[in-house]
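[1] A structural model of the following input is requested.
(2 chains)
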Amino acid sequence: MVTGAGTSPGPPGRAPRTDPEAMAALVARAQAGDDQAFEDLVTATHVETYTLARRLTGNDDDARDVVQEAYLRAYRSLDRFRGEARFSTWMYRITANCASTQVGRRRRHRHDELLEDLVVVDTRPELDPEAQADAADLRHRVNGALDELPPKLRAVVILRDVYDLPHEAIAAELGISESAAKVRLHRARKKLKERLFPGREPDDIEGAP
Amino acid sequence: MSPRQVATPQAGAACADLGQHLAAAASDPAALDRAARDHVETCLRCQADLVQHRRVLRALRSLRTEVLEPAPGLVTEVLAHIEEAGERHVIRSLLTGRRAAYIGGLAAATAAASAAGAIVLVTRTKNRRLPLAG
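    Next up is the predicted model:
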């Protein structure tokens, strides 16, 4: 169940609430020891970090713990951030790692009907209303189906297909091999498809063994 | 013609084998080898599966533009957590420093006592030897 959280669309085509140049300047100041700059970084990125943590953990309490731990780790290792990736991408990796630890610690799958009461708004105005309604409906069902996935599969498909992290980064943060990450991704996609479009299994086909 | 109508037992087996390859092909067409591509080109069931995989993938990618707003207070919690961890770290460092000083003091005292003992021992040995030497 969602407690005190809501959904809102970010600007399409770019990460919400972040301006790369302003972020780079903040990172540089924070690396120089400016705590106010780090606070500004947290303020600028915490919604995105929380969103990822919520999707990975499936509940608000764990997500908040993961966010706190992720920023603590970021604060402690800020001098190791070289700026090759965006700060938010770096935070995704740390968040994925923290969430993996948190989920492993909990080891129990929750069925809190995550996101069921969230209103999903399509941000692509070029779509006609019917297509928009279909897309919104599918997204709504995808959110539900993601929550039903085993945490290991869910983490990989979210990091790859939603956040576009490379297989290598996903494997590194989850502590698995790259090939295992790919296998999990394909299993997760297959499970999602079967859940969202049921009734096409081999048994359903006439003449199938 | 529906996918049900075109499926045969052989086709069904091939379709089942292709399951995860189709999942991979949704984002990477090269994931299908020549034989698999030939099969998909003639199998309406696999084509339909591939279309569904791509729809799911599009829906997943569109989630990227959504954010889940946390309940108020998260930034404060984050900063408090960092500050608390910083204080714990300082306390731990102090304790570690004190422990190191204590152990260092003990070691120094032991070394000094050993040295003093050794000097006394050597002195006594020399004193005992002197009359014999004369």
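[2] Spell out for me which residue occupies the centre of chain A.
    residue A:52 (3.3 Å; Cα atoms, centre = their mean).
[3] neighbours around the nearest residue to it once chain neighbours are set aside, how many?
    Spatial nearest neighbour of residue A:52, chain neighbours left out: residue A:95 (5.1 Å); criterion: Cβ to Cβ, 6 or more residues apart in numbering or on different chains. C-beta coordinates here come from the backbone N, C-alpha and C atoms, glycine included. Applying other Cβ atoms under 10 Å in any protein chain shown, we find 31 residues neighbouring residue A:95.
[4] Show me where chain A has its helices.
    Assigned by DSSP state H, the helices in chain A fall at A:20-31, A:35-57, A:60-76, A:87-106, A:129-148, A:151-157, A:167-174, A:178-196.
[5] Give me the contacts around the third one.
    With contact meaning Cβ atoms under 8 Å, 6 or more residues apart in numbering or on different chains, helix A:60-76 is reached by A:2-5, A:38, A:42, A:46, A:49-50, A:53-54, A:56-57, A:81, A:90-91, A:94-95, A:97-99, A:101-103, A:106, B:70-71, B:74, B:77-78, B:81-82, B:85.
[6] Taking helix A:87-106 as reference, get the angle to it.
    130 degrees (axes from the mean of the first three to the mean of the last three Cα atoms, to 10 degrees).
[7] Give me the distance between helix A:60-76 and the centre of its chain.
    Relative to the mean C-alpha coordinate of its chain, helix A:60-76 is positioned 14 Å out (Cα atoms, centre = their mean, to the nearest Å).
[8] Which pLDDT value does the model give residue A:182?
    Here, the pLDDT recorded for residue A:182 equals 94.
[9] do residue B:113 as well
    At residue B:113, pLDDT is 86.
[10] Would you quantify the distance from it to residue B:127?
    Distance check for residue B:113 against residue B:127: by Cβ to Cβ, to the nearest Å, it reads 21 Å.
[11] again, but for residue B:70
    From residue B:70 to residue B:127 the distance is 82 Å (Cβ to Cβ).
[12] For these two, indicate the residue with more neighbours.
    residue B:70 (24 against 9).
[13] Mean pLDDT per element in chain B, and the minimum belongs to which helix or strand?
    helix B:3-6 (a mean of 36; mean pLDDT, DSSP states H and E).
[14] Name the next helix or strand following it along the chain.
    helix B:9-25 (DSSP states H and E).
[15] So for that next one, what gets flagged as buried?
    By 16 or more other Cβ atoms under 10 Å in any protein chain shown, the buried positions in helix B:9-25 come out as B:11-12, B:14-15, B:18-25.
[16] Residue A:102: what's it in contact with?
    A:57, A:62, A:65-66, A:69.
[17] Just the buried ones among those residues, please.
    Buried, going by 16+ other Cβ under 10 Å: A:57, A:62, A:65-66, A:69, out of the contacts of residue A:102.
[18] ok, the residues you listed vs chain B, which is closest?
    residue A:69 (7.7 Å; Cβ to the nearest Cβ).
[19] mind checking how far residue A:72 is from residue B:83?
    Distance from residue A:72 to residue B:83, by Cβ to Cβ: 10 Å.
[20] what about those two, which has more around it?
    Neighbour count, other Cβ under 10 Å: between residue A:72 and residue B:83, residue A:72 has more, with 19 against 13.
[21] Against residue B:33, how distant is that one?
    Distance from residue A:72 to residue B:33, by Cβ to Cβ: 47 Å.
[22] now swap in residue B:74 and tell me
    For residue B:74 relative to residue B:33 (Cβ to Cβ), the value is 48 Å.
[23] neighbour count winner among the two?
    For residue B:74 versus residue B:33, neighbours defined as other Cβ under 10 Å are more numerous around residue B:74 (22 against 10).
[24] ok, now which ones touch the closest residue to the more buried one other than its chain neighbours?
    The spatial neighbour of residue B:74 that comes closest, neighbours along the chain excluded (Cβ to Cβ, 6+ apart), is residue A:46 at 5.6 Å. Residue A:46 makes contacts with A:67, A:71, B:70, B:74-75, B:78, as judged by Cβ under 8 Å, 6+ apart.
[25] got it, and residue A:160?
    A:167, A:170, A:181, A:185.
[26] By neighbours, which of these wins?
    Using other Cβ under 10 Å as the neighbour test, these are led by residue A:170, with 26 neighbours.
[27] tell me the pLDDT at that residue?
    The per-residue pLDDT reported for residue A:170 equals 96.
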